[in-house]
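Enquirer: 3D, please:
(chains A and B)
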There are 2 protein chains.
Amino acid sequence: MFRYEPAAGDRDNVRRIVESSGFFYPAEIEVAVELVDERLAKGLSSGYYFVFAECDGRTVGYTCYGPIAATVASYDLYWIAVEQSCRGKGMGRRLLTETERLIGAAGGRRVYIETSNRPQYLPTRAFYERCGYTIEAVLKDFYAPGDDKAIFVKAL
Amino acid sequence: MFRYEPAAGDRDNVRRIVESSGFFYPAEIEVAVELVDERLAKGLSSGYYFVFAECDGRTVGYTCYGPIAATVASYDLYWIAVEQSCRGKGMGRRLLTETERLIGAAGGRRVYIETSNRPQYLPTRAFYERCGYTIEAVLKDFYAPGDDKAIFVKAL
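Expert: From the prediction side, this is the model:
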């Protein structure tokens, strides 16, 4: 059900999954795809790790995460997304739990998630809170005027 | 006095300047040099911009900064460092002012600086405050247990 090694086809999988949410700006979608490109080009030294969720041979969700440079044991969760048609079935939580398991096994002790404080992200923020994350900081107008960044953290 | 285009020799300049402070962990020094490498390899598309300060033909300080992906007008100041022997002469402030001028000219509206809350960084934090930055957030144990991250911001 989970796989960890990105292949060339995952550029399209990631684009499809991220686009399906309708949440993200085009520039954000490009960033999501670029992280796959970085990993394909540089391997593990890219610092980008992935968990892909497969369902009936189809990739329906993923996370992208990695250690934060110059920290001892802190990790960023860069992306977590589940295809719109597969949401509401616990896939996001299973992906996040698997990701935390891998981070913990690699010696990670703190997981950070950054997200927009825009109203449309309220379900996202509630999801992180249900999964044990708490808001540690809010950076006002970070993404754009009126669009703050919330920083969640979970100690493993 | 200022120059903006990194050359191969700036790998050594950056290493020398950053090491001279005695502040940084070896892994942090490697990150500083890697940002020069990224810029030399990818050009402006690396997202890393530099200001180098020259004094009597010698590079004695620098900043590295860049736009934050998926934001409209936010920039990170990744590095600011002045060679130990040249400190206390206002070079850091001039480098920061020049960097802010360039960010503002490029459409940037918010500048973020992240730094350790370790006691040895107290003069650094005081410098940022004198330059108009305020602490917007503190992330506990971010760098390591007992080593928090402070996030400063200045609206241009």
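
Enquirer: for chain A, which segments are assigned as strands?
Expert: For chain A, the strands defined by DSSP state E occupy A:2-3, A:49-55, A:58-67, A:74-82, A:110-116, A:134-144, A:147-155.

Enquirer: for chain B, which of the ones you listed is the nearest?
Expert: strand A:134-144 (3.2 Å; C-beta to the nearest C-beta). From N, CA and C alone the C-beta is placed, and that goes for glycine too.

Enquirer: separation between A:Pro119 and A:Glu30?
Expert: Distance of A:Pro119 to A:Glu30, computed by C-beta to C-beta, to the nearest Å: 24 Å.

Enquirer: repeat that for A:Arg125.
Expert: Distance from A:Arg125 to A:Glu30, by C-beta to C-beta: 24 Å.

Enquirer: same check, this time on A:Leu40
Expert: 15 Å.

Enquirer: ok so, going back, reformat the strands of chain A as TSV; add distance to B:Val14.
Expert: TSV is the format used below for the strands of chain A (distance: least, C-beta to C-beta, whole Å):
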stretch	distance to B:Val14
strand A:2-3	39
strand A:49-55	28
strand A:58-67	22
strand A:74-82	24
strand A:110-116	27
strand A:134-144	27
strand A:147-155	29
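
Enquirer: for these, give me CSV that also has mean neighbour count and mean pLDDT.
Expert: Output for these, formatted as CSV (neighbours: other C-beta atoms under 10 Å in any protein chain shown; pLDDT from 0 to 100):
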stretch, mean neighbour count, mean pLDDT
strand A:2-3, 15, 97
strand A:49-55, 19, 96
strand A:58-67, 21, 97
strand A:74-82, 22, 97
strand A:110-116, 21, 96
strand A:134-144, 17, 97
strand A:147-155, 19, 97
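
Enquirer: ok, A:Arg125 and A:Glu30, which is more surrounded?
Expert: A:Arg125 (18 against 14; other C-beta atoms under 10 Å in any protein chain shown).

Enquirer: which parts of chain A sit against chain B?
Expert: A:25, A:27-28, A:31, A:68-74, A:109-110, A:112, A:136-145, A:147, A:151, A:153, A:155 (C-beta under 8 Å from any C-beta of the partner chain).

Enquirer: run the last query once more with 6 Å
Expert: Where chain A comes near chain B, counting by C-beta under 6 Å from any C-beta of the partner chain, the residues are A:27-28, A:31, A:69-72, A:74, A:136-137, A:139, A:142-144.

Enquirer: can you report how many residues lie near A:Gly22?
Expert: Number of residues near A:Gly22 (other C-beta under 10 Å) recorded here: 8.

Enquirer: report how many residues lie close to the nearest residue to it once chain neighbours are set aside.
Expert: Using C-beta to C-beta, 6 or more residues apart in numbering or on different chains and skipping the chain neighbours, the partner closest in space to A:Gly22 is A:Gln84 (7.4 Å). Neighbours of A:Gln84 under the rule other C-beta under 10 Å: 15.
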